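> Give me the fold of what follows.
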Amino acid sequence: MQEVKIRDEFIKLGQAMKLAGVVGDGAEAKELIRSGLVKVNGEVDDRRGRKLYAGDVFSYDGREFKIIN
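So this is what the prediction gives:
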């Protein structure tokens, strides 16, 4: 599991995907999220603006990323 370090209290899912290097831009993140290919804490979430806090885990394409601060 890869860790994604944030500075603030939370980060939006699309931004976290960019920070983790999963996508190159917000449009790509939006499409993957809308298509139901991204899970947050084990459940599909189709909201690009979903707020992730320390301890949350998102996954895409068999890879998992844990939010830390």
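
> CA only for contacts and neighbour counts going forward, please
Noted.

> for the protein, which strand is longest?
When the chain is scanned for its longest strand (criterion: DSSP state E), the result is strand 63-68.

> chain center to the lengthiest helix in the chain, what's the gap?
As assigned by DSSP state H, the longest helix anywhere in the chain is helix 26-34. Centroid separation for helix 26-34 versus its chain: 11 Å, with C-alpha atoms, centre = their mean, to the nearest Å.

> Would you mind listing the outside residues contacting the longest strand of the chain?
With contact meaning C-alpha atoms under 8 Å, 6 or more residues apart in numbering, strand 63-68 is reached by 1-6, 20, 52-59.

> Buried residues, it. List them.
64-68 (16 or more other C-alpha atoms under 10 Å).

> Show the residue spans covered by the strands in the protein.
2-5, 10-12, 38-40, 43-44, 51-53, 57-60, 63-68.

> Turn those strands into CSV, including distance to D25 and mean pLDDT.
CSV is the format used below for those (distance: least, C-alpha to C-alpha, whole Å; pLDDT from 0 to 100):
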stretch, distance to D25, mean pLDDT
strand 2-5, 17, 96
strand 10-12, 13, 97
strand 38-40, 15, 96
strand 43-44, 20, 96
strand 51-53, 18, 97
strand 57-60, 15, 97
strand 63-68, 17, 97
